[in-house]
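# Sharing a model prediction with you, sequence too.
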There are 2 protein chains.
Amino acid sequence: MKVSDIGEFGLIDKIAETVSGAAGNAVVGIGDDAAVIRSNSDHLTLLSTDAFVEGVHFDLAYFSFYQLGWRVLAATVSDIAAMGGVPTCAVFSLALPQAMNSEDVEAFYRGSAALAALVGTEIVGGDIVASTGGLFISISVMGEVAARHLKLRSNAHDEDAILVTGTPGRSHAGLRILTSRPETAERYEGVVASHRTPQPRVDFVRFLTANFELHAMIDLSDGLASEIHHICHQSGVGARVYRPSLLPDRQTTEVAKLLGEDAFDYVMFGGEDFELLFTAPSESAPAIVSQAAAEFGLRVSKIGEISGGATGVRLYQDAETWQELPRKGFDHFPAG
Amino acid sequence: MKVSDIGEFGLIDKIAETVSGAAGNAVVGIGDDAAVIRSNSDHLTLLSTDAFVEGVHFDLAYFSFYQLGWRVLAATVSDIAAMGGVPTCAVFSLALPQAMNSEDVEAFYRGSAALAALVGTEIVGGDIVASTGGLFISISVMGEVAARHLKLRSNAHDEDAILVTGTPGRSHAGLRILTSRPETAERYEGVVASHRTPQPRVDFVRFLTANFELHAMIDLSDGLASEIHHICHQSGVGARVYRPSLLPDRQTTEVAKLLGEDAFDYVMFGGEDFELLFTAPSESAPAIVSQAAAEFGLRVSKIGEISGGATGVRLYQDAETWQELPRKGFDHFPAG
């Protein structure tokens, strides 16, 4: 069977079956943002890895090497934040085209080092090999989390508030500008920067876990709709999501208008925002929203509630009108 | 400057400069087999990553997917063993050609899972993406080591015995058969298996560190000569290596003879044996050799001594005759 027939998630399920039943060091293995390994009774180690292929995940026409180095580490660090953890160190595997300049490699690492300094992590090693094709990057980030602060995708509770940081859709708006109207990139610098040099929410996660009871958490890699479905599927619950609470920000709205596209699609299906989607007891939502604004200048929005009855994910237009929210996340090998 | 002009090791030095001065979580960063991160006062976490590119590091004509899955994890686990550690878990990044079968991916993971079970580790996660070219694999392995058992490349002492496990050269002999005389692969199954499904020395390391004082250690990725130079360079010492102590085994000798090549070159420069090169106080060498044979059926050979005077690495033909031992390890981007 072709990989493209079974699909990315079908393949991951097969692999999880194949490798299960081994040594048992992991508290959580395949299927969340990062693996969780017990260090001692109240301390857990996290490990996450991400791969990025030139021509699939990034186009060097839209990134300087500095920006690329920043972005790929930010994406991987975000997985650690999404578990409630802080990143401690990172290792890189790079396969370089033979013609690549060493100055470009250094610029790449300068970008990664700047992001590492921002989030308090460290690049501690790696492997550099020759590529027969384009640039290939794999990053693994190790992190740590107190056991009581670990946030899984599978822990959403009935009637939890569903919250999201920032304003999803910005990264996709930035990408659309870079691909369709690069001459306007300076004018839309805000969303372009969200795409090129996203800021993983490491500090905010530290604040959140220290001050609030959270239940489930995931980062927005594949798009908001897809990640809501992930949490619901893995927690065995449904959700009500309110469309009016999902407002694109000003630049995202302008970009969509400029290109004759729907800004709501950017918000729901855009992906790569590396914002956080999380659930918390409903009564704590107002305090989370106000303290995020006060302490971090960060917009956090309540966008819906978990419904324990596993009724699927419903997108409400108003109090009575709803439709099923499609998943439509980015699948690297779309099933036929 | 082209990466091929600066060379692999020049580039790594540049990167180490670029990323240094960060958070300070690492006890040992870039430059050893694995990074070392302090967990608590007497316990260290290890993290190592390796990349493998189709057409550069492996050719699918010489490996089944099962064998490939075994081999790449074995190579990365070996880096953890070379630090004195035990591997606890692994994450994989794979970039798959679109035409690859899901059965092949599963066979790959079955091979990795078999090696993982053999060495007591676990595959806990990963990322699977599309490749625009051939198959690309990156593996990161986490491990642990008691602080007193940590073995660095930089800790060789004056007059230490230099020892090596197994019989280096076998992997290269196997590769030469696969590339030049594949029709004889069955006859030379021993060395072919050493190339395809090497066994990292995890159990033996556990025994060694528990029972003997060791000083420096490294695994044989790039070839024996290159690794001796690594230890000497990083420890600021020289070495005397005795050619008569470096005997290729029977199959390696036969293969070199069949192909009209020098079996000693296989031993010295072959690489990818994933055996261990280590130094220990001279008086403990006989006990290490005899106990390795008795407890593990494993040949360990004393091949020379460290000379503290940093006189380079001398290869002795007999007690008086010597020449400088060339480095000649595999450099992915040979400097011009």
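Thanks, I have it.

# Chain neighbours aside, what residue packs nearest to A:Ser245?
Across the structure, with C-beta to C-beta, 6 or more residues apart in numbering or on different chains as the measure, the residue nearest A:Ser245 apart from its sequence neighbours is A:Ile303 (4.6 Å). In this view, the C-beta of every residue, glycine as well, is placed from N, C-alpha and C.

# That neighbour contacts A:Tyr242, correct?
Yes: under the criterion of C-beta atoms under 8 Å, A:Ile303 is in contact with A:Tyr242, at a separation of 6.3 Å.

# so what secondary structure elements neighbour the helix or strand hosting the residue nearest to A:Ser245?
Assigning secondary structure by DSSP states H and E places A:Ile303 in strand A:300-307. Contact here means 3 or more C-beta pairs under 8 Å, 6 or more residues apart in numbering or on different chains; DSSP states H and E; on that basis strand A:300-307 packs against strand A:161-165, helix A:224-235, strand A:238-242, helix A:285-296.

# what about 7 Å?
When contacts are defined as 3 or more C-beta pairs under 7 Å, 6 or more residues apart in numbering or on different chains; DSSP states H and E, strand A:300-307 sits against strand A:161-165, strand A:238-242, helix A:285-296.

# which regions of chain A lie under the pLDDT threshold?
A:21-25, A:40-41, A:329-336 (pLDDT under 70).

# Now for the residue of the stretch 101-250 of chain A found nearest chain B, how many residues are close by?
Minimum separation of the stretch 101-250 of chain A from chain B (C-beta to the nearest C-beta) falls at A:Gly133, amounting to 3.0 Å. Counted by other C-beta atoms under 10 Å in any protein chain shown, the residues lying close to A:Gly133 total 19.

# Pretty sure it sits against B:Phe136.
No: with contact defined as C-beta atoms under 7 Å, A:Gly133 does not reach B:Phe136; the gap is 8.5 Å.

# so what's A:Gly190 up against?
By C-beta atoms under 7 Å, 6 or more residues apart in numbering or on different chains, the contact list for A:Gly190 reads A:Gln251.

# What is the neighbour count of A:Glu17?
Here the number of neighbours of A:Glu17 (other C-beta under 10 Å) works out to 12.

# my guess is it is in a strand, correct?
No: secondary structure of A:Glu17 (DSSP: H, G, I helix; E, B strand; the rest coil): helix, not part of a strand.

# Export the helices and strands packed on strand A:300-307 to TSV and append columns for distance to chain B and mean neighbour count.
Putting the helices and strands packed on strand A:300-307 into TSV (distance: least, C-beta to the nearest C-beta, whole Å; neighbours: other C-beta atoms under 10 Å in any protein chain shown) gives the following:
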stretch	distance to chain B	mean neighbour count
strand A:161-165	23	24
strand A:238-242	25	20
helix A:285-296	21	15
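
# mind listing the strands for chain A?
Using DSSP state E, the strands found in chain A span residues A:26-28, A:35-40, A:43-53, A:86-97, A:123-131, A:136-146, A:161-165, A:217-219, A:238-242, A:276-280, A:300-307, A:313-316, A:322-324.

# May I have the phi/psi pair for A:Thr167?
Main-chain torsions, A:Thr167, degrees, to the nearest 10: phi -130, psi 90.

# wait, it sits on A:Asp249?
Yes: contact status for A:Thr167 versus A:Asp249: in contact at 4.1 Å, counting by C-beta under 7 Å.

# quick one: is stretch A:222-229 near chain B?
No: using C-beta under 7 Å from any C-beta of the partner chain, no contact is recorded between stretch A:222-229 and chain B, whose separation bottoms out at 12.2 Å.

# what domains does the record give for chain A?
Structural domains assigned to chain A are A:1-30, A:33-149, A:161-324, following automatic domain parsing.

# Out of those domains, which is the most enclosed?
Each of those was given a mean neighbour count from mean count of other C-beta atoms under 10 Å in any protein chain shown, and the largest, a mean of 22, is that of domain A:33-149.

# Nearest spatial neighbour of A:Gln317, chain-adjacent residues omitted?
A:Arg243 (5.4 Å).

# re the thing from before, not counting the strand holding A:Ile303 itself, show me its contacts.
The set of residues that contact strand A:300-307 without belonging to it, under C-beta under 7 Å, 6+ apart, is A:156-165, A:237-242, A:245-246, A:279, A:282, A:285, A:288-289, A:292.

# Let me know the angle separating that strand from helix A:224-235.
Between strand A:300-307 and helix A:224-235, the angle comes out at 40 degrees (axes from the mean of the first three to the mean of the last three C-alpha atoms, to 10 degrees).

# Pairing partners for strand A:300-307, with directions?
Next to strand A:300-307 in the sheet, as set by DSSP bridges, lie strand A:161-165 (antiparallel), strand A:238-242 (antiparallel).

# so how far is that strand off the chain centroid?
In terms of C-alpha atoms, centre = their mean, to the nearest Å, the centre of strand A:300-307 is set 18 Å apart from its chain centre.

# Also compute the angle for that strand relative to strand A:276-280, please.
60 degrees.

# Run the angle between strand A:300-307 and helix A:285-296 for me.
Interaxial angle, strand A:300-307 versus helix A:285-296 (the same axes, to 10 degrees): 150 degrees.

# what's the distance between A:Ser321 and chain B?
Check again: residue A:321 is Thr, not Ser. 38 Å (C-beta to the nearest C-beta, to the nearest Å).

# Quick check on that residue: phi, psi?
A:Thr321 adopts backbone torsions of phi -90, psi 120, taken as degrees, to the nearest 10.

# Kindly report the same for A:Glu186.
With angles defined as degrees, to the nearest 10, A:Glu186 shows backbone torsions of phi -70, psi -40.

# need the contact list for A:Val105.
For A:Val105, the contacting residues are A:Leu96, B:Val3, B:Leu11, B:Ile15, taking C-beta under 7 Å, 6+ apart as the criterion.

# export the domains of chain A to CSV and tack on distance to B:His172?
Putting the domains of chain A into CSV (distance: least, C-beta to C-beta, whole Å) gives the following:
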stretch, distance to B:His172
domain A:1-30, 30
domain A:33-149, 19
domain A:161-324, 42
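
# Only the C-alpha atoms, please, for stretch A:278-289, written as CSV.
What follows is stretch A:278-289, C-alpha atoms only, in CSV (Å, rounded to 0.1, in the frame of the first residue of the first chain):
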residue,chain,number,x,y,z
PHE,A,278,-6.2,24.6,25.8
THR,A,279,-9.1,23.7,28.0
ALA,A,280,-9.7,24.8,31.6
PRO,A,281,-12.6,24.8,34.1
SER,A,282,-15.1,27.3,32.8
GLU,A,283,-15.0,29.5,35.9
SER,A,284,-11.3,30.3,35.5
ALA,A,285,-11.6,31.5,31.9
PRO,A,286,-12.2,35.2,32.7
ALA,A,287,-9.2,35.4,35.0
ILE,A,288,-6.9,33.7,32.4
VAL,A,289,-8.0,36.1,29.7
